[in-house]
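Enquirer: 3D, please:
(chains A and B)
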Amino acid sequence: MKSSELNLDEFFSHLAGEIYTVVKLDPDFPSFRPGSDIDLFCYDARKVLTKILEVAHRYANHGFTIRITDLESGQIHADVLKEDNLIFRFDLYQRTPAYRKILVREGLLESVIENCRSIERTFNGTTYKLYVPSLLDEQLIRYLEFVECYEARPDKLKHLEYILSSVTEPGRIQLLDKVHRYTKLPPAAPPPAPKGRIHEWLDRIFRGKKRPRA
Amino acid sequence: MSLATRFDYFLIWGNGLAHREGILAMLRAQPGFEIVKIQEHKPKGIKRLVRAIYSYDYAPFHHLRAKTKYLLKTSAEVVFIFLKNLQPLENYFGEGDFRHVECERVKALKEEIRNRYNERKADRRSENHVIHASDNESQTDHILKYLGYSEGTDLFRRSEQSMIRAPYHLPIIRSAMISKTPFDRLLCRFMVGTKESFVGKMGPVTESPQYKSLEGGMQIYEDYLRTFLGGPLQDDYSVARFERLAKTLEYPDQGGDYVITRRLSDGNLLILDGLHRASIMKHRGAAEVLVAIVP
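Expert: Coordinates of the predicted model:
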């Protein structure tokens, strides 16, 4: 079995009945580049993992290896590997992801799941529902991703392009409202306090620093 | 941690050990109970054990002293059976000093066992009980600590944090690789020797009593359990369960019950859990089996 024979529709059709939402769905889904991933928000990551593994067994029986990792922060990775190379990753979030540059309310994950919409897809002649965020939530998540990563990863510009191409004038206000509701800028670090004479003396005694010349 | 379940224990006193298999069969037959650990115990003195057991009891000690007098004449050898109570039905029982919370289902089963196995005098059930059972989980916690398990009932709960289904005696599984492995790379550990003097032996699955009994008859497995169950083997193994599993096993099942292994320095894999399932797969003629390899 070749790595290109990994069928994502097979996995997601098996998730029928589970509570999840695929965020930042690739427009080429179910096609994927080897080494890429898909992010799922869910209430019970272990339950979703079990369902993913039930499908993954078939691939494991044909030469693939499945690697599962609990990151202990409400995040689980289920990786499909072939000869030690990552073919695809299911990135399961049970808690709102933590961002460094922006503070995000814990309730975002729940809001995204509860407001999700479904896309009808077909696997093996049977229709199933794939759950994705509402347009507003998709824009919000992509905005967070853009803010977090654009300095280090220029490819994240695609998220900004997505927002600009999909947002409407009334939608812009709704997006700003939700951004304000669910995010906050982290507090700026206070400037270091000026040292008094006692600290200068202590530095001289314990660290051997010389007195600055006037 | 599930709030809907709790851990209880039953204790077979020395005067009930002859009925151990019958009592285990009654516990296994009861829906809503899942035996997690069977442990034989030889206390330094029966008096000390009785004190430990009843130190967390609700009843006044002078009452217990009279109630447990007969135990001082029983052999200083008992069996603890710890179980997960999947449907606790807690209620208040007794009056005054004796008022306490107890699970109705545990109480009913305890009485049923006593009715069947307590000594009979003048055609009536004596009160020399063959079995004792916990009223609440804190008593189970206390007894586990008495036996040297400092985690108490958390010992049984930690496996709930594992990513795949695993027995309580394995460390929490936070990562695993799942892949197909040929049987000639799989090793297992099993006991050899006598009840009093035994060692763990490592060898291929085909050398295990589990595999041998599938090939050569269940007497092999029955003898194995009779020798080691409650001692070095403390999971709830039984011939009937193994026979049933051999007939019905679908591997891997829907819940992800894997044969759990650890890689040895020579590259082979040692089975940590799932030897029964691996033996059945080998007996069915499989050349490879899906395993979870844990660090």
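
Enquirer: name the surrounding residues that touch the helix or strand where A:Leu40 lies.
Expert: Assigning secondary structure by DSSP states H and E places A:Leu40 in strand A:36-42. Strand A:36-42 is contacted from outside by A:8, A:18-26, A:29, A:32, A:48, A:88-94, A:109, A:112-113, using Cβ atoms under 8 Å, 6 or more residues apart in numbering or on different chains. In short, each C-beta sits where N, CA and C put it, glycine included.

Enquirer: just the ones of those residues in helices?
Expert: Under the assignment DSSP state H, these contribute A:8, A:48, A:109, A:112-113 to helices.

Enquirer: redo those residues as TSV? Include neighbour count and pLDDT.
Expert: Output for those, formatted as TSV (neighbours: other Cβ atoms under 10 Å in any protein chain shown; pLDDT from 0 to 100):
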residue	neighbour count	pLDDT
A:Leu8	20	96
A:Val48	22	95
A:Leu109	21	95
A:Val112	23	95
A:Ile113	19	96
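
Enquirer: strand partners of the strand holding A:Leu40, parallel vs antiparallel please.
Expert: Here strand A:36-42 is paired, per DSSP bridges, with strand A:20-23 (antiparallel), strand A:85-93 (parallel).

Enquirer: list the buried residues in that strand.
Expert: Buried residues in strand A:36-42, counting neighbours by 16 or more other Cβ atoms under 10 Å in any protein chain shown, are found at A:37-42.

Enquirer: go on, stretch B:240-253?
Expert: For stretch B:240-253, by 16+ other Cβ under 10 Å, it's B:242, B:246, B:251-252.

Enquirer: so for the helix or strand hosting B:Leu64, mean pLDDT?
Expert: Using DSSP H and E, B:Leu64 maps to helix B:61-67. Average pLDDT, helix B:61-67: 72.

Enquirer: what does chain B put close to chain A?
Expert: For chain B, the contact set with chain A under Cβ under 8 Å from any Cβ of the partner chain comprises B:163-164, B:174-180, B:252, B:254-256, B:290.

Enquirer: now the chain, which segments are flagged as low pLDDT?
Expert: Looking at chain A here, since you left the chain open. A:1-4, A:191, A:194-195, A:209-214 (pLDDT under 70).

Enquirer: actually, chain B is the one I wanted.
Expert: Scanning chain B for pLDDT under 70 picks out B:1-3, B:58-61, B:255.

Enquirer: which residue ranges of it form helices?
Expert: For chain B, the helices defined by DSSP H cover B:20-29, B:46-54, B:61-67, B:104-117, B:137-146, B:154-157, B:209-216, B:219-228, B:239-248, B:275-283.

Enquirer: so which of these is the most surrounded?
Expert: Sort those by mean neighbour count, taking mean count of other Cβ atoms under 10 Å in any protein chain shown, and helix B:275-283 sits at the top with a mean of 22.

Enquirer: list the contacts of the residue nearest to B:Gly22 when sequence neighbours are not counted.
Expert: In this structure, B:Gly22 finds its nearest non-sequential neighbour in B:Tyr117, 6.8 Å apart by Cβ to Cβ, 6 or more residues apart in numbering or on different chains. Neighbour list for B:Tyr117: B:16, B:19, B:22-23, B:130-131 [criterion: Cβ under 8 Å, 6+ apart].

Enquirer: let's see it at 10 Å
Expert: B:12, B:15-16, B:18-20, B:22-23, B:26, B:125, B:129-131 (Cβ atoms under 10 Å, 6 or more residues apart in numbering or on different chains).
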